[in-house]
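Visitor: sequence unavailable; structure follows:
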């Protein structure tokens, strides 16, 4: 079986209901390094090279108390194609979500065998 080239966990989403309160907790109580905030309701920290993203749930999202593991891959298109060949159905195909200066951030979403949300993440040089 060929590899999907998932190299490490790059980001973890933690769903929150009160973003300012959560930012204070993660920054002031846990002492994590705050990186930045982004609309519509996101805040980012770094923990040992892994990004922690606090996020308000999207309207109608019932998974508001779950976390999402973001698996980093150098080639999100190839990794998604490999996973599709293994029977994975993507809820969101690979797509660019942000320009971070020197790289574009690409994401793709699917669910694991238990229905948990999972994501692929790739930082593509601009």
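Guide: Done, it's in. Being a predicted model, the structure only gives us computed values, none of them experimental.

Visitor: and the longest helix along the chain, what does it pack against?
Guide: In the chain, with assignment by DSSP state H, the single longest helix is helix 76-85. With contacts defined as 3 or more CB pairs under 8 Å, 6 or more residues apart in numbering; DSSP states H and E, the packing partners of helix 76-85 are strand 90-99, strand 103-111, strand 117-125. Glycine gets a C-beta too; all of them are placed from N, C-alpha and C.

Visitor: of all those, which lies closest to residue 55?
Guide: Proximity to residue 55, assessed across the helices and strands packed on helix 76-85 by CB to CB, is greatest for strand 117-125 (11.5 Å).

Visitor: list the buried ones in the closest one?
Guide: Within strand 117-125, the residues scored as buried using 16 or more other CB atoms under 10 Å are 117, 118, 119, 120, 121, 122, 123, 124.

Visitor: for stretch 92-110, same thing?
Guide: Buried residues in stretch 92-110, counted by 16+ other CB under 10 Å: 94, 105, 106, 107, 108, 109, 110.
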